[in-house]
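Structure, please.
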Amino acid sequence: MVERQEKPELSEIGMSLYIGIDLGGTKIAGAVWNAAMLSVEAQKTIPTQAHLGPDEVIERIAGLVIELGKSVGLEPSAIPGVGVGVPATFDPDEGVIWLIPNLPGAWYGKPIIAILRQRLGCPVYLVNDARAFTLAEATIGAGRGANSCVGITLGTGIGGGIAIQGRLYLGLTGTAGEFGHHSIDMYGPPDGAGNPGGWEGIASGPAIAAMGMKAVTQGITTKIGELVGYDLNKITPEIIARAAALDDPVAKRILDTAGFYLGTGIANVIIMLAPERVVIGGGMAQLGEWIMKPIRETVKQRVHTVPLDRLAIVPAALGNEAGVIGAAIWASQQGQSA
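Numbering: from 1, shown residues only. Modelled structure (predicted):
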């Protein structure tokens, strides 16, 4: 005889519902994450309106949390935890912002966690957005099932994270995974932190776009310029990939070069950390095999200390939801360990 299971009370369901926030330069995404069912129950995206300043952006985050909570029957004080993913460095103990490069205003020293906790009346936890991406992919995405997983986000910059047995390894100040700032070319251009030859200064989206701009300004015959009406500001990695798809040799060479630099950086990460899975995400991951093929080829040429037949380099699986899901998972883990 099968024992009848009682329907869980609303309060029991509520205790497994966490809210994740992903703060971006143009939009703030939010989602309600069911930690028991490993599913998204509700989600919404609003404009950041960053030009209005940090206080207004933080208030918009609070408003989105309140709205999402009410959509599943939770008042703010009843939410067991809110995770906020930010494109920033911060004090992991105090929840105070140090640097948000892509948001205008006086963010330095802003106690975002204290403000949100007072406004909402519930636990709030801060996590770097690339670390949130890694945690989500390691938990339910392309890294699921791997004992160790490295996430790498390729976009305006290069970020990442390290997950071991489903938990983030953060290092001393929460910055473990800032792969974009390790040097690839000692005499190369500086990265966003001013480090000469830093990985993101050579292989990020803007760096790849700059290769296309250089080819056009030098008068080299290429479809890259044609596709944007010779407006240099419109040249992006996606435009270069479109030109490559039209069999443009210059565009193909640029993507091969970018893939070589990306593969070199990933090879370094693999040699240092020997993970079971490397998950590639971010805007440039949408370039598909134009980038992934030279990455894999370069890794094969350069990695000799890790058995590559036991390691997989794979594209991310969760798309734009990874950030909010990872932030919510982070909140659930912090609540459990509190």
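
And Tyr125, how far from Ile313?
30 Å (C-beta to C-beta, to the nearest Å). To be clear about C-beta, it is placed using only N, CA and C from the backbone, and glycine gets the same treatment.

Those two - which one has more neighbours?
Tyr125 (24 against 19; other C-beta atoms under 10 Å).

Tell me the strands beside the helix or strand harbouring the more buried one, with direction?
According to DSSP states H and E, Tyr125 maps onto strand 124-128. Strand pairing for strand 124-128, using DSSP bridges, gives strand 82-86 (parallel).

Point to the residue nearest the middle of the protein.
Closest to where the C-alpha atoms of the chain average out (C-alpha atoms, centre = their mean) is Ala130, at 3.2 Å.

What is the burial count for the nearest residue to it once chain neighbours are set aside?
The shortest distance from Ala130 to any non-neighbouring residue, by C-beta to C-beta, 6 or more residues apart in numbering, is to Gly159 (3.1 Å). The local packing of Gly159 (other C-beta under 10 Å) involves 26 other residues.

so Pro104 makes contact with Ala50?
Yes: look at Pro104 against Ala50 with C-beta atoms under 8 Å: they come within range, at 5.7 Å.

any idea how far Ile280 is from Glu289?
Counting by C-beta to C-beta - Glu289 and Ile280 are separated by 12 Å.

Settle it for me: which of those two has more neighbours?
Each of Glu289 and Ile280 has its neighbours counted (other C-beta under 10 Å); Ile280 has more, 23 against 13.

Now do the contacts for Phe260.
Pro294, Thr298 (C-beta atoms under 8 Å, 6 or more residues apart in numbering).

how about the strands of the stretch 101-250 of the chain, start to end?
For the stretch 101-250 of the chain, the strands defined by DSSP state E, counting those that start in this stretch cover 124-128, 148-154, 158-164, 167-169.

Out of those strands, the one nearest Ile325 is which?
strand 124-128 (11.7 Å; C-beta to C-beta).

what's in contact with the closest one?
81-90, 92, 95, 112-113, 116-117, 135, 159, 161, 168, 174-175, 177, 326-327, 330-331, 334.

List buried residues within these.
In these, burial by neighbour count holds for 81-90, 92, 95, 112-113, 116-117, 135, 159, 161, 168, 174, 177, 326-327, 330-331, 334, counting by 16 or more other C-beta atoms under 10 Å.

Among these, which are located in helices?
Ile112, Ile113, Leu116, Arg117, Leu135, Gly326, Ala327, Trp330, Ala331, Gln334 (DSSP state H).

pLDDT and distance to Ile61 added to these, as CSV?
Converted to CSV, these look like this (pLDDT from 0 to 100; distance: C-beta to C-beta, whole Å):
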residue, pLDDT, distance to Ile61
Ile112, 97, 8
Ile113, 97, 11
Leu116, 98, 7
Arg117, 97, 12
Leu135, 98, 19
Gly326, 98, 16
Ala327, 98, 11
Trp330, 97, 15
Ala331, 97, 13
Gln334, 93, 17
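
Of all pairs in the residues you listed, which one is the farthest apart?
Longest span within these, C-beta to C-beta: Arg117 and Leu135, 21.3 Å.

Name all residues that make contact with Ala35.
Ser16, Leu17, Tyr18, Ala328, Ile329, Ser332.

Distance of it relative to Ala146?
Counting by C-beta to C-beta, the gap from Ala35 to Ala146 is 20 Å.

nearest to Asn195, of the strands of the stretch 101-250 of the chain?
strand 158-164 (12.0 Å).

Can you name every helix or strand that that closest one contacts?
Secondary-structure packing of strand 158-164 (3 or more C-beta pairs under 8 Å, 6 or more residues apart in numbering; DSSP states H and E): helix 129-140, strand 148-154, strand 167-169, helix 199-203, helix 249-273.
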